Every structure is written in C-alpha cells, then in structure tokens.
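Trainee: When you get a sec, could you give me coordinates for this:
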Amino acid sequence: MSQIAQLHDEVASQLFDAYTSHKTVVPPRETIDKLDIAGAYRIQRWQQRAFEDQGHTVIGHKIGLTSLAMQQQLGVASPDFGFFTDRMRFDAGQPIPTASFIAPKVEPELAFTLNADLPADASLAQVQEAIDTVHLAVEIIDSRIANWDIRLVDTVADNASCGAIVLGDAIDVELGELAGVEATMTLNNEAAGSGKGSDVMGDPLIPLQWLAQTLGEQGTLIKAGSIVLTGSFCGAVAFAPGDKLDVDYGTHGSLSLTFS
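Mentor: Residues are numbered from 1 along each chain as shown. Just a heads-up that it's a prediction; the model follows:
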C-alpha cells in the first residue's frame with residue numbers, strides 16, 4: 001500500500017470512529033498534503049464499506065452545498081454528496097436523540113424516491129420519469145471535524161457532513177413546480193431561515209441530475225429504490241436538547257421535529 005493510500009485509510013478510520021466516540025478529528029486537508037476531491041471521496045467510500053461491514057444498508061444519498069446560502073455558510077463553491085444508511089433515517093414525529101451527534105444542525109429540504117436507475121447521462125426528462133414520490137424532508141448535518149473547520153475536501157471526506165435524515169409523508173406536487181415550493185423554518189417559534197426550491201441550483205431536480213453524472217464518473221449508478229435529498233433551501237441552524245423545529249412548506253404541508 002502506498003503512503004498516500006495508507007493516509008487515506010487512517011483518516012477514514014478516524015472519521016468512522018468519531019460517529020461513536022464523538023471525538024472530533026483535525027481537518028483531513030491538514031493531515032493529507034494536497035488532498036483532492038478524488039482522494040476525499042475515496043475516504044468517504046472507505047467509511048461506507050465500514051458501515052456495510054457492520055450490517056448497515058445504504059438506502060440513498062444526500063446532495064449538499066446546492067444553495068448559495070449553504071456554500072457561503074461553509075465557505076465552498078460547489079456541491080458535494082454523501083450517503084446515508086437505514087440506521088441514519090428517522091420518520092417525522094420520531095424524537096431525535098441529540099446525543100447521537102457532535103455539533104448538529106438542521107436543514108429543510110425535499111427528498112425523492114426513485115423507481116428506476118439513473119444513467120450518468122440522464123436528461124432532466126429522464127430524472128423526472130425516474131421519480132416515484134416526493135417527500136418533505138429535513139437533513140441533520142453534523143461534523144466529525146473539529147469546530148466545523150471544513151473546506152470542500154474536508155466535508156466530502158466526512159460523508160458530506162451527513163448526520164441523519166428525517167422523511168415526511170409523500171406530497172402531491174407537479175415536478176415542474178418544484179422551484180416554487182417554499183419552506184420557512186422556525187426553531188422554538190423563532191424564525192430560523194426560509195427559502196424556495198429555486199434556491200437549490202434553480203430547481204431541486206438539477207442536483208439529482210448532477211449526482212447521476214458525478215456518480216457515473218465514479219462508475220456507480222443511482223439505483224431504483226434509492227432516496228435522494230437534493231439540498232437545503234436555506235442556511236442550517238444548530239439545535240440542542242429540548243428544542244422544537246417546525247418547517248412550513250405552505251400548501252404542501254409541514255414537518256415538526258423534537259430533539260431529546
């Protein structure tokens with residue numbers, strides 16, 4: 001094994017251990033000189049295999065940094081993606097155990113389930129045809145890297161800062177109208193952020209097309225049955241035990257979360 005491959009494995013192991021130890025690590029860019037995106041995704045895939053070895057089932061992907069608000073908040077300039085497993089999923093109304101995370105924040109999003117594989121060169125029309133259901137969703141982002149001191153390669157290596165997802169019921173919405181969906185987030189009845197589907201790369205379906213292409217470049221397809229969250233409508237907000245989050249999606253319904 002080359003020295004750089006060994007460093008990748010060591011960083012991946014440290015990040016994976018942090019899920020249970022809650023001991024944060026230094027930014028991977030400081031451990032691995034000139035860490036690039038390809039190397040960061042190799043570190044991420046090591047952790048995915050480790051979860052699978054423990055019996056987890058990968059059920060989908062999250063796409064991050066798709067809104068200008070989140071790119072500015074984290075100081076990066078392009079999207080990224082991560083994975084989540086069956087044990088990272090919560091249903092709406094289920095209390096969220098805050099102690100499961102290190103420095104968690106929440107984001108309002110939309111989630112999509114697929115009824116067909118998506119090829120790497122999928123057109124937007126093919127993306128629409130592959131969508132089975134649309135759901136209101138919240139992503140809990142978390143950082144295994146100390147103090148959220150991240151750049152793009154760091155968050156990619158840290159599974160795109162994914163902590164968990166919360167999936168609401170399927171909603172009835174025309175796919176051509178997703179850019180107009182609005183979300184307003186309140187934490188303990190105080191305004192915490194708002195945005196529209198158009199804030200997510202212009203249309204929440206465009207990140208899904210981007211993911212198909214990006215995974216295709218890595219030799220992987222988005223499989224039928226997958227759940228994909230396509231990015232936050234606004235900046236993320238931190239929460240603590242005892243907090244209550246409400247996300248109002250207007251005519252499309254709402255999601256409420258409590259944190260224990």
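Trainee: how about the nearest residue to Tyr19, chain neighbours excluded?
Mentor: The shortest distance from Tyr19 to any residue that is not its chain neighbour, by CB to CB, 6 or more residues apart in numbering, is 6.9 Å, and that residue is Arg144. No exception for glycine: its C-beta is placed from N, CA and C like everyone else's.
Trainee: count of residues packed around the one you found?
Mentor: As a burial measure, the neighbour count of Arg144 was computed by other CB atoms under 10 Å and equals 26.
Trainee: What of the one 10 residues further on?
Mentor: Applying other CB under 10 Å, we find 27 other residues in the vicinity of Asp154.
Trainee: Make sure it is actually in contact with Arg144.
Mentor: No: judged on CB atoms under 8 Å, Asp154 makes no contact with Arg144 at a distance of 9.8 Å.
Trainee: separation between the nearest residue to Asp132 once chain neighbours are set aside and Ile222?
Mentor: Beyond its immediate neighbours in the sequence, the residue positioned closest to Asp132 (CB to CB, 6+ apart) is Asn115, lying 3.9 Å away. Distance from Asn115 to Ile222, counting by CB to CB, to the nearest Å: 12 Å.
Trainee: which of those two has more neighbours?
Mentor: Neighbour comparison, Asn115 and Ile222: the larger count goes to Ile222, with 25 against 12 (by other CB under 10 Å).
Trainee: pLDDT at the more buried one, what is it?
Mentor: The model reports Ile222 with a pLDDT of 93.
Trainee: neighbours around the nearest residue in space to it that is not next to it in sequence, how many?
Mentor: If the residues on either side of it in the chain are set aside, Ile222 comes closest to Leu118, at 4.3 Å by CB to CB, 6+ apart. The local packing count at Leu118 equals 25, with neighbours defined by other CB under 10 Å.
Trainee: what do you get for the one 3 residues further on?
Mentor: Burial of Asp121 is recorded as 10 neighbouring residues (other CB under 10 Å).
Trainee: Give me the pLDDT value at it.
Mentor: At Asp121 the predicted local distance difference test score is 92.
Trainee: Could you do the one 4 residues further on as well?
Mentor: Ala125 is assigned a predicted lDDT (pLDDT) of 94.
Trainee: now Pro207
Mentor: According to the model, Pro207 carries a pLDDT of 94.
Trainee: CA atoms only: put the helix or strand containing it into CSV for me.
Mentor: Secondary structure assigned from DSSP states H and E places Pro207 in helix 206-217. Once non-C-alpha atoms are left out, helix 206-217 reads as follows in CSV (Å, rounded to 0.1, in the frame of the first residue of the first chain):
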residue,chain,number,x,y,z
ILE,A,206,-31.0,19.7,-11.1
PRO,A,207,-28.8,18.4,-8.2
LEU,A,208,-30.3,14.9,-8.8
GLN,A,209,-29.1,15.1,-12.4
TRP,A,210,-25.7,16.4,-11.2
LEU,A,211,-25.5,13.4,-8.8
ALA,A,212,-26.2,10.9,-11.6
GLN,A,213,-23.4,12.4,-13.6
THR,A,214,-20.9,12.6,-10.7
LEU,A,215,-21.6,9.0,-9.6
GLY,A,216,-21.4,7.9,-13.2
GLU,A,217,-17.9,9.3,-13.4
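Trainee: List the buried residues in that helix.
Mentor: Within helix 206-217, the residues scored as buried using 16 or more other CB atoms under 10 Å are Ile206, Pro207, Leu208, Gln209, Trp210, Leu211, Ala212, Thr214, Leu215, Gly216.
Trainee: Equivalent analysis for stretch 168-180, please.
Mentor: Buried positions in stretch 168-180, judged by neighbour count with 16+ other CB under 10 Å: Gly168, Val173, Leu178, Ala179.
Trainee: and the end-to-end length of it?
Mentor: From the first residue to the last, stretch 168-180 extends over 19 Å; the measure is CA to CA, to the nearest Å.
Trainee: Who are the packing partners of the helix holding Pro207?
Mentor: Helix 206-217 is packed against strand 58-64, strand 80-85, helix 124-130, with contacts defined by 3 or more CB pairs under 8 Å, 6 or more residues apart in numbering; DSSP states H and E.
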